[in-house]
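*Asks:* No sequence on hand, only this structure:
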């Protein structure tokens, strides 16, 4: 995902993950790469861990080993862990809590005070990206703003 400011024109390339979900319904959070989750096994502190979802989408936990976390909600991950721990523990009580949400990296180039790569929180807006890059310089051409999502052609 990139956010670009071209000299004289403002061109914004941004991934869909930066944009808030339309409508009022809150969707369940889907775990992704670089999310940090805490897996707690009640009464078994030696099995509880804070782990980061790796680039392959997996996490590693004592006893259960490798398990896919990316693409699941925290509740779905918990539901998958319970039977795995049940092979070793009677009636395991497992909790999965997101401790750190992944960040989205955007690149801002052109007529801004701080061009370069900026990290934003998931769900950040285009205005958040602009604020991260600082004020526009006097040479910025605000009359030629373009917004592009992913690989789609820019919209004038």
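*Replies:* Received, thanks. The model shown is predicted, which means the values in this text are computed figures rather than measured ones.

*Asks:* beta partners of the closest residue to residue 74 other than its chain neighbours?
*Replies:* Nearest non-adjacent residue to residue 74, counting by CB to CB, 6 or more residues apart in numbering: residue 96, 4.3 Å away. Placement of C-beta: from N, CA and C, glycine included. Going by DSSP bridges, residue 96 is paired in beta bridges with residue 39.

*Asks:* residues touching residue 96, list them.
*Replies:* Counting by CB atoms under 8 Å, 6 or more residues apart in numbering, residue 96 touches 37-40, 74-75, 77-78, 81.

*Asks:* Next one: it relative to residue 88, how far apart?
*Replies:* 18 Å (CB to CB, to the nearest Å).

*Asks:* domains of this protein?
*Replies:* 4-23+104-149, 36-100 (automatic domain parsing).

*Asks:* start to end distance for the shortest one?
*Replies:* It stands for domain 36-100. Length of domain 36-100, first residue to last, CA to CA, to the nearest Å: 5 Å.

*Asks:* what pLDDT, on average, does that domain get?
*Replies:* Averaging pLDDT along domain 36-100 yields 96.

*Asks:* Over to the longest one?
*Replies:* Along domain 4-23+104-149, the predicted confidence averages to a pLDDT of 65.

*Asks:* Can you pull up the most central residue in the protein?
*Replies:* What sits nearest the mean C-alpha location of the chain, by CA atoms, centre = their mean, is residue 102, with 3.5 Å.

*Asks:* Tell me who's in contact with the residue of the chain most remote from its centre.
*Replies:* Most distant from the centre of the chain: residue 90, at 34.7 Å, with distances by CA atoms, centre = their mean. Taking CB under 8 Å, 6+ apart as the contact definition, residue 90 lies against nothing.

*Asks:* Thank you kindly, that will do.
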